[in-house]
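**Student:** generate a structure from the sequence data that follows.
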Amino acid sequence: MAADGNTPDAIAAANRGAGEVRSAFDQAALERWLAANVPGFAGPLTVEQFNGGQSNPTYRLTTPGARYVLRRKPPGATLKGAHDVVREARVQQALAPSEVPVARIFGVCDDDSVIGSAFYVMDMVEGRVIWDAAFGEVPKAERAAYYDEMNRVIAALHSVDHVALGLADYGKPGNYFARQVGRWTRQYLEDDLAGRDPDMDALVEWLPGAIPEGDETTIVHGDFRCDNMIFHPTEPRVLAVLDWELSTLGHPLADFAYHAMMYSMPADIVAGLGGQDPVALGLPTEAEYVATYCARTGRSGIADWDFYVAFNYFRLAAIFHGIKGRALRGTASNAKAHERITAFPRLTRLGREAMERCR
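**Tutor:** Numbering: from 1, shown residues only. Here you go, the predicted structure:
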């Protein structure tokens, strides 16, 4: 199974195939650019658009000797800072020499005149996407090895010297939680149409005063989940981490706790175990998984663990609340908006439960 791009929609498309180009562009111009900028490129070129990739249109490029993936910014006007495919390419290029597996970037074009918007071309990584956090398609005896590999990769990401890799300006360093809590609180409170939720209100009140002491800054992925990776076809090895759209400079424990939410996340919201017994599934427990990450990153443990979990449920709930508001206004483009609206109060309840454990 092949990777097709760097968003959850695009990854989904990898399993559904590609077909007719719906967001068209000048293919002859693209072929000229590829010939001039991608080493070894030789046409003729066939272009297919993946069925997903709503955020950034994503295409499979096929030649007699190779296959590539093209990710482009949507044509037309977009919100400032949104759909920044050049930024996506930059972080992957910077991480290429590190222990973090990423797709090879062959070329980046910020000249809108070529195909109508900025784009980049990367390797089409051949492997498989695992959608189920229980890894049900993997033999039980092998599942722990896949979890250990995910743990290794996120620990490697948080151990990268981002300054040495030229990413010192990739985001705002420091005060990550205060800035994030403030940002998502404002968005939640300002959307009157989407309404209020008592559990969310409790989180809004509690989080600012509960931020743990100390600060750290690393590259954070922002959406590190099993279904945002390409695994080797038969081995417990990550070939490429996908979906760098939300990456920035941030606090590593926020990023890791979001990833570890898979232990409590209902499987019908995003990839999660949904209360299943990890031991019965052949997986490490949450405590074991956290301890392994700590060993790899030189920590003696993670104090206030439930704060980081509560924060991430709050953040995800705020995103879903925004989708609810857009759906009520008739501006939500996501076909799954209704599912997100239904999930919102379940996320706020999980966040409040983590808050209560922290208290």
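**Student:** surely Thr218 is in contact with Val163?
**Tutor:** No. Thr218 lies out of contact with Val163 (CB atoms under 8 Å); the separation is 10.5 Å. For every residue, glycine as well, the C-beta is placed using N, CA and C.
**Student:** which one of these two is surrounded by more residues?
**Tutor:** Between Thr218 and Val163, counting by other CB atoms under 10 Å, Thr218 is the more crowded of the two (20 against 12).
**Student:** quick one, what contacts that one?
**Tutor:** Residues in contact with Thr218, defined by CB atoms under 8 Å, 6 or more residues apart in numbering, are Leu157, His158, Ser159, Val160, His162, Leu249, Gly250, His251, Pro252, Asp255.
**Student:** now with 6 Å?
**Tutor:** Contact analysis of Thr218 by CB atoms under 6 Å, 6 or more residues apart in numbering lists His158, Pro252.
**Student:** now it: phi and psi?
**Tutor:** For Thr218, the backbone dihedrals (degrees, to the nearest 10) come out as phi -140, psi 180.
**Student:** and it, what pLDDT?
**Tutor:** Note for Thr218: predicted pLDDT of 97.
**Student:** Thr58 too?
**Tutor:** At Thr58, pLDDT is 85.
**Student:** what is the burial count for it?
**Tutor:** Using other CB under 10 Å, Thr58 has 29 other residues around it.
**Student:** for it, phi and psi?
**Tutor:** Main-chain dihedrals, Thr58, degrees, to the nearest 10: phi -130, psi 140.
**Student:** how near is it to Arg90?
**Tutor:** 18 Å (CB to CB, to the nearest Å).
**Student:** kindly report the same for Gly65.
**Tutor:** For Gly65, the distance to Arg90 - CB to CB - is 28 Å.
**Student:** just for the stretch 1-150 of the chain, where's the confidence low?
**Tutor:** Within the stretch 1-150 of the chain, the segments meeting pLDDT under 70 span 1-20, 22-23, 51-55, 76-83.
**Student:** tell me which of Gly65 and Arg90 has more neighbours.
**Tutor:** Arg90 (19 against 9).
**Student:** remind me which helix or strand that one belongs to.
**Tutor:** According to DSSP states H and E, Arg90 maps onto helix 85-95.
**Student:** who are the packing partners of that helix?
**Tutor:** Judged by 3 or more CB pairs under 6 Å, 6 or more residues apart in numbering; DSSP states H and E, the packing partners of helix 85-95 are strand 105-109.
**Student:** between the strand it packs on and helix 85-95, how big is the angle?
**Tutor:** If you take axes from the mean of the first three to the mean of the last three CA atoms, to 10 degrees, strand 105-109 sits at 150 degrees to helix 85-95.
**Student:** now do the SS call for Ala254.
**Tutor:** helix (DSSP: H, G, I helix; E, B strand; the rest coil).
**Student:** how close does it sit to Thr342?
**Tutor:** 26 Å.
**Student:** who's more crowded, the two?
**Tutor:** With neighbours defined as other CB under 10 Å, Ala254 and Thr342 compare such that Ala254 has more, 20 against 13.
**Student:** against Thr58, how distant is that one?
**Tutor:** Distance from Ala254 to Thr58, by CB to CB: 27 Å.
**Student:** same thing with Arg32?
**Tutor:** 21 Å.
**Student:** same check, this time on Ser300
**Tutor:** As judged by CB to CB, Ser300 and Thr58 stand 42 Å apart.
**Student:** over to Gly330?
**Tutor:** 26 Å.
**Student:** same question for Tyr170.
**Tutor:** 23 Å.
**Student:** tally of neighbours for Arg340?
**Tutor:** Neighbour tally, Arg340, other CB under 10 Å: 21.
**Student:** next one: it relative to Ala317, how far apart?
**Tutor:** To Ala317, Arg340 is 10 Å away according to CB to CB.
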